[in-house]
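What shape does this take:
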Amino acid sequence: MQLKRTHYEIYWEILTYCRTPKSFTSIINRCNLNSKIGQAHLEFLKSRKFLLEVQQGDSTLLKATESAKEYIALFNKTYRELFDESPEFRL
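Next up is the predicted model:
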């Protein structure tokens, strides 16, 4: 049985994936989210300054900020201490 991911795990997946600029669609697909829930998570991360919108041509992409690196590192450390392994994408 696979357990549901916590919000913290989803945030980690999004921020890890967005180390380089990514489109909304690619984030939703890669992190296995529906668009309504995904939009809520992305808005939360943007409001906390962990994600930044960047323009590339006609596209608006999302990229993790420097502040996100601290969250990623803290989450990795905590996860390893709790589960004796590194977090991984479930895809």
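
Looks like residue 19 contacts residue 64 (just checking).
Yes - assessed by CB atoms under 8 Å, residue 19 is found in contact with residue 64 at 5.4 Å. Placement of C-beta: from N, CA and C, glycine included.

Pick out whichever of the two has more residues nearby.
residue 64 (22 against 12; other CB atoms under 10 Å).

where does the chain have low pLDDT?
Within the chain, the ranges that satisfy pLDDT under 70 run 1-2, 89-91.

Just the helices from it, written as ranges.
Taking DSSP state H as the test, the helices found in the chain are 7-17, 24-30, 35-47, 66-83.

deepest of those, which one?
For those, the largest average neighbour count (mean count of other CB atoms under 10 Å) is found in helix 7-17, namely a mean of 19.

Can I get that one in CSV? Just the C-alpha atoms.
Only the C-alpha atoms of helix 7-17 are listed here, as CSV (Å, rounded to 0.1, in the frame of the first residue of the first chain):
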residue,chain,number,x,y,z
HIS,A,7,2.1,18.7,1.6
TYR,A,8,5.7,19.0,2.6
GLU,A,9,6.7,16.1,0.3
ILE,A,10,4.8,17.7,-2.6
TYR,A,11,6.5,21.0,-1.9
TRP,A,12,9.8,19.3,-2.0
GLU,A,13,9.0,17.6,-5.3
ILE,A,14,7.9,20.8,-6.9
LEU,A,15,10.9,22.8,-5.7
THR,A,16,13.4,20.1,-6.6
TYR,A,17,11.9,19.8,-10.0
